[in-house]
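Asker: show me how the following folds:
(2 chains)
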Amino acid sequence: AQRVTQPEKLLSVFKGAPVELKCNYSYSGSPELFWYVQYSRQRLQLLLRHISRESIKGFTADLNKGETSFHLKKPFAQEEDSAMYYCALGDSWGKLQFGAGTQVVVTP
Amino acid sequence: DAGVTQSPTHLIKTRGQQVTLRCSPKSGHDTVSWYQQALGQGPQFIFQYYEEEERQRGNFPDRFSGHQFPNYSSELNVNALLLGDSALYLCASSLDGRNYGYTFGSGTRLTVV
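Answerer: A predicted model of the protein is given here:
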């Protein structure tokens, strides 16, 4: 069965500290994995896609097929990173399955 | 470009009633997907429309139905509303949904009382 697990509902970090959001998945095929972000009063938007292997706003995510994980990391959190983050798994038809989300709060 | 437009933004309905939500995709997009987001949960896939046909469907009952028009806009219909249908309904558009280039709308907040 296809599943996305984000074990942390809330992550509180200090500005300048590293932040890591965990995401684990289960999928029988070759996964397409994404991180979406929703800032306060804004729409859900794509942050990262695993095949692009790029860094967006200082965030990176590495797909680990052995551990079936796609954790999101940033070495130095900023206040503007405070948002809701969703990990999502895409199937071959474009359907996205989202995790429950992690609320990140960055305090000064 | 206004992006994805959804209407109405908020809606209150009574149990047993029927509701229609509307979505206009981003200019140039031809595929519309609908998601239900209950409070404290991630979005759950309802279905996807491409070329006016339902291409894929999530685990939702037949009370949930949809339509896509020739101009690519879409409607989501829910019959026999239950209290558990209260949620934020999101529409996402893309150019041939399989490329994942989704643009999300702001959603319609449905409250069933």
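
Asker: neighbours of A:Y25, how many?
Answerer: With neighbours defined by other Cβ atoms under 10 Å in any protein chain shown, the count for A:Y25 comes to 21. Just so you know, the C-beta spots here come from the backbone N, C-alpha and C atoms, and that holds for glycine as well.

Asker: against B:Q68, how distant is it?
Answerer: When distance is defined by Cβ to Cβ, to the nearest Å, A:Y25 is 30 Å away from B:Q68.

Asker: what do you get for B:S86?
Answerer: When Cβ to Cβ is the yardstick, B:S86 and B:Q68 sit 25 Å from each other.

Asker: over to A:T107?
Answerer: 45 Å.

Asker: phi first, then psi, for A:E79.
Answerer: Note on A:E79: backbone dihedrals following degrees, to the nearest 10 are phi -60, psi -30.

Asker: ok, and the closest non-adjacent residue to it?
Answerer: A:V106 (5.0 Å; Cβ to Cβ, 6 or more residues apart in numbering or on different chains).

Asker: average pLDDT for the strand or helix carrying the one you found?
Answerer: In the assignment (DSSP states H and E), A:V106 maps to strand A:102-107. Across strand A:102-107, pLDDT averages out at 98.

Asker: for chain B, which residues are neighbours of chain A?
Answerer: Counting by Cβ under 8 Å from any Cβ of the partner chain, the residues of chain B lying close to chain A are B:3-4, B:31, B:33, B:35, B:40-45, B:48, B:55-56, B:58, B:90, B:94, B:96-100, B:102, B:104-106.

Asker: among the residues you listed, the buried ones, what's the ChimeraX command?
Answerer: The ChimeraX command for the buried members of those (criterion: 16 or more other Cβ atoms under 10 Å in any protein chain shown) is given here:
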select /B:4,31,33,35,42,43,44,45,48,55,56,58,90,94,97,98,100,102,104,105,106
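
Asker: tell me what the strand holding A:V106 is packed against?
Answerer: Judged by 3 or more Cβ pairs under 8 Å, 6 or more residues apart in numbering or on different chains; DSSP states H and E, strand A:102-107 is in contact with strand A:10-14, strand A:19-21, strand A:83-90.

Asker: so what does A:D81 have for phi and psi?
Answerer: Note on A:D81: its backbone torsions stand at phi -80, psi -10 [degrees, to the nearest 10].

Asker: alright, I will stop here.
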